[in-house]
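> sharing a model prediction with you, sequence too.
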Number of protein chains: 2
Amino acid sequence: MAPPIKTSPSRRGPAWMVQAAALARRFHLDGRSKTELAEEFGLSRFKVARMLEEARELGVVDVTITLPTHIDADLSTTLGEQYGLRRAIVVDVPTRSDVDVRSQLGAVAADLLGELVSADEVLGLSCSRTVAAATEALTTLAPCTVVQLTGTLAGPDIAAGSVESVRRAAAIGGGQGFPIYGPMLLPDAATARALAGESAIRATIEQFGRVGIAMVAIGAWRDDLSTVWTLAEERARRAATKAGAVGEIGGRLFDASGNPVATELDERILGITLDQLRRVPEVIGLMYDARRADAARAALLGGLVDTFVTDASLARALVEEAAA
Amino acid sequence: MAPPIKTSPSRRGPAWMVQAAALARRFHLDGRSKTELAEEFGLSRFKVARMLEEARELGVVDVTITLPTHIDADLSTTLGEQYGLRRAIVVDVPTRSDVDVRSQLGAVAADLLGELVSADEVLGLSCSRTVAAATEALTTLAPCTVVQLTGTLAGPDIAAGSVESVRRAAAIGGGQGFPIYGPMLLPDAATARALAGESAIRATIEQFGRVGIAMVAIGAWRDDLSTVWTLAEERARRAATKAGAVGEIGGRLFDASGNPVATELDERILGITLDQLRRVPEVIGLMYDARRADAARAALLGGLVDTFVTDASLARALVEEAAA
DNA sequence: TCCGCGCCTGCTCATATGAGCGGCTAGACT
DNA sequence: AGTCTAGCCGCTCATATGAGCAGGCGCGGA
């Protein structure tokens, strides 16, 4: 016996199509109730319901989600679900230039801060060009305490990775700022310890436990893909890589599972540790570029981050990896 | 006092956007209930409802109605509403060539017949190239009686306007056919009367009162835009135009209000009268080309037609006219 | 500090909606 | 003709949903 395959259960004609389309428009777009539509079109409410459902099944109704900002909603949702994130936001940035991507990502991250930070909360910021881009784009922020989570980056564009981010955020929100006047990576452990003891810096470090929401950049532990990597000496780099480091947050290295990697570098870093970061209720991680996929995956699977803001290229790489 | 204008009642951030988008997708596309979504997303059902509604208002959810066939759903609905039609079907045909438009229109009209004609009904067909295109595209038709409503057109492509349409439809549906072997326009009234009395033709004419659904082409009473116009003598044309004729159906002229225009030509026509046509419960009018807008408007406003099948150019012209 | 206002939340209850049922009809096969 | 089946329709009743309301909360002005 051949199974009862339906060749074409019900071929709908043009009249049906047009009416279904009109129903769909008034239901989905105008938000009318099915009962209203039944009266308006002179149909039973059951028929309305059945037509709408069939229209959906036939793909007549194609709901396109068009966010006003450049956010890829579908990719965001997929990414968030696949990695069990609280939230994922994929910025659909057409250009490939690092500067443009950072500025787009920053704009979205800035909006996100405005949205998530509530008054009297403590906001923590790491130092990176991406975080700087976010604070540059910041326009609205609840009055909150702003804490610098890491020492400053001494890179070519010094202003980007500096205390400036904290100052700006505090100014916009109208709250207190806790900066760290000191480099992220120090020559040796002793200097690092000394600086950490300095009174202003210690005041900042003491805020770490109070941070309610942190925005940090995630770096890959690879050539040219992390500012910290660039700062480290060749020997230290090798040692860290050998120890399993694939990425870093604020100079703190982690392995493919997202667990901290303790190397000699760790002692020389001025800033929040990964364990401290884990205790922050809401960590927003910023990251872009598909070449950082390994580090991203580690950070996400390791649960270092609650909310992940990224660009489409990296998001796609992550989603495809997870699908395979 | 300045009125309480809200500058921006609630600026939603990226997190809200992404969640709203996810909700919208699952609601509109996957057809989940709001209560389900509330559980799935850990929200109250009220919040879900409000987010969905706000998303709709903000235009975040853009429901695109995409019909599988080349039908412009929006234009169809608008046109139908503006002219108070039972149904309007606008075929979105990209090409401009008459032949292509006719064949596309015909395909849709054929589907429409398959959809609307029920068994044992009496279907009437006028003679025209567009109606011929429809019967050529016909694949499914309920068993019904097919009646030719007008005499045959003696044009360059004779097959198109011939008895062939009736024969084809009757064959496909498997019902009886009532053809008219005789021209639509006769040299004089006496000949017309004589032919109408001929037994086979009279049998057909007697069916006119039983026709439950008619498919007719609407012509414009203008140079080159109506096959009948071409057949008439210059003198007759002028007289008809002077009498107010703007269009014709099966050679029967009507004025700008859709009322019959009685001229000498009327006596020489073999076929259904406009008054007889009005008594048909469902008249499907076929027409295309924006240059026929005047005739179209007259036929529609005059209520000569219940269902109007047309191309996008004509539909747009009509809609814009009505809007002004 | 107190108050009023705007905004958000979740509640209640009347209404809208969905799932499943049984009746009806038409076409296919015996 | 009898009968079977697939659609289609509209009903019932349990559930989902909407409109409107009241409480809470942060902000800004007196």
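Here it is on my side, so go on.

> DNA strand D contacts on the stretch 201-324 of chain A?
Residues of the stretch 201-324 of chain A lying close to DNA strand D by CB under 7 Å from any atom of the strand: none are found. C-beta coordinates here come from the backbone N, C-alpha and C atoms, glycine included.

> where do the helices sit along the stretch 201-324 of chain A?
Per DSSP state H, counting those that start in this stretch, the stretch 201-324 of chain A carries helices over the ranges A:227-231, A:234-242, A:264-267, A:274-278, A:293-301, A:312-323.

> any idea which of those gets closest to A:H70?
Counting by CB to CB, A:H70 lies closest to helix A:312-323 out of the helices of the stretch 201-324 of chain A; the figure is 9.3 Å.

> across the sheet, point out what pairs with A:I213.
A:L123, A:E282 (DSSP bridges).

> swap in the one 5 residues further on?
Beta bridges link A:I218 to A:I249 when assigned by DSSP bridges.

> and for it, the neighbour number?
27 (other CB atoms under 10 Å in any protein chain shown).

> check what pLDDT it gets.
For A:I218, the pLDDT comes out at 96.

> got the contact list for A:A88?
A:76-77, A:79-80, A:307-310, A:315, B:18 (CB atoms under 8 Å, 6 or more residues apart in numbering or on different chains).

> secondary structure element holding it?
Element membership of A:A88, judged by DSSP states H and E, is strand A:87-91.

> next, the angle from that strand to helix A:293-301.
150 degrees (axes from the mean of the first three to the mean of the last three CA atoms, to 10 degrees).

> so strand A:87-91 versus helix A:312-323, what angle?
In terms of direction (the same axes, to 10 degrees), strand A:87-91 departs from helix A:312-323 by 130 degrees.

> confidence score at the residue lying closest to A:A55 once chain neighbours are set aside?
Excluding the flanking residues, the one nearest A:A55 by CB to CB, 6 or more residues apart in numbering or on different chains is A:A20, at 4.2 Å. Note on A:A20: pLDDT of 94.

> what about A:A20, how many residues nearby?
A:A20, neighbours per other CB under 10 Å, totals 23.

> let me have the contacts of A:A88 in CSV, extended by distance to B:T150 and neighbour count.
As requested, the contacts of A:A88 are exported to CSV (distance: CB to CB, whole Å; neighbours: other CB atoms under 10 Å in any protein chain shown):
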residue, distance to B:T150, neighbour count
A:S76, 61, 30
A:T77, 59, 21
A:L79, 64, 25
A:G80, 65, 22
A:T307, 71, 23
A:F308, 70, 28
A:V309, 69, 29
A:T310, 68, 30
A:A315, 64, 28
B:V18, 61, 27
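
> kindly indicate which of these lies nearest DNA strand C.
For those, the closest approach to DNA strand C (CB to the nearest atom of the strand) belongs to B:V18, at 15.8 Å.

> the strand or helix carrying A:A22 vs DNA strand C: in contact?
Per DSSP H and E, A:A22 falls inside helix A:14-24. No. Against DNA strand C, helix A:14-24 shows no contacts by CB under 7 Å from any atom of the strand, the least distance being 11.5 Å.

> so that helix versus strand B:87-91, what angle?
Put simply, helix A:14-24 runs at 100 degrees to strand B:87-91, going by the same axes, to 10 degrees.

> helix A:14-24: which residues count as buried?
A:14-24 (16 or more other CB atoms under 10 Å in any protein chain shown).

> helices or strands up against that helix?
On a contact count with 3 or more CB pairs under 8 Å, 6 or more residues apart in numbering or on different chains; DSSP states H and E, helix A:14-24 meets helix A:34-41, helix A:45-57, strand B:61-65, helix B:73-82, strand B:87-91, helix B:98-116.

> a markdown table for these, including distance to A:V122?
Formatted as a markdown table, those follow (distance: least, CB to CB, whole Å):
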| stretch | distance to A:V122 |
| --- | --- |
| helix A:34-41 | 49 |
| helix A:45-57 | 46 |
| strand B:61-65 | 36 |
| helix B:73-82 | 51 |
| strand B:87-91 | 60 |
| helix B:98-116 | 65 |
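
> nearest to DNA strand D, out of these?
Checking the helices and strands packed on helix A:14-24 against DNA strand D by CB to the nearest atom of the strand gives helix A:45-57 as the closest, at 4.3 Å.

> distance from the chain centre to that closest one, please.
In terms of CA atoms, centre = their mean, to the nearest Å, the centre of helix A:45-57 is found 39 Å from the chain centre.

> mind listing what's buried in it?
Within helix A:45-57, the residues that qualify as buried are A:48-49, A:51-52, A:54-56, counting by 16+ other CB under 10 Å.

> out of these, who's nearest chain B?
A:R56 (5.9 Å; CB to the nearest CB).

> related to what we said a few turns ago, single out the most deeply packed of the helices of the stretch 201-324 of chain A.
Comparing the helices of the stretch 201-324 of chain A by mean neighbour count (mean count of other CB atoms under 10 Å in any protein chain shown), helix A:293-301 comes out on top with a mean of 22.

> and it, C-alpha only, in CSV?
The C-alpha trace of helix A:293-301 is given here as CSV (Å, rounded to 0.1, in the frame of the first residue of the first chain):
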residue,chain,number,x,y,z
ALA,A,293,36.3,32.9,16.9
ASP,A,294,38.4,30.5,19.1
ALA,A,295,38.7,33.1,21.9
ALA,A,296,35.1,33.9,21.6
ARG,A,297,33.9,30.4,21.8
ALA,A,298,36.1,29.8,24.9
ALA,A,299,34.7,32.9,26.6
LEU,A,300,31.1,32.1,25.8
LEU,A,301,31.3,28.4,26.7
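
> appreciated, that's everything.
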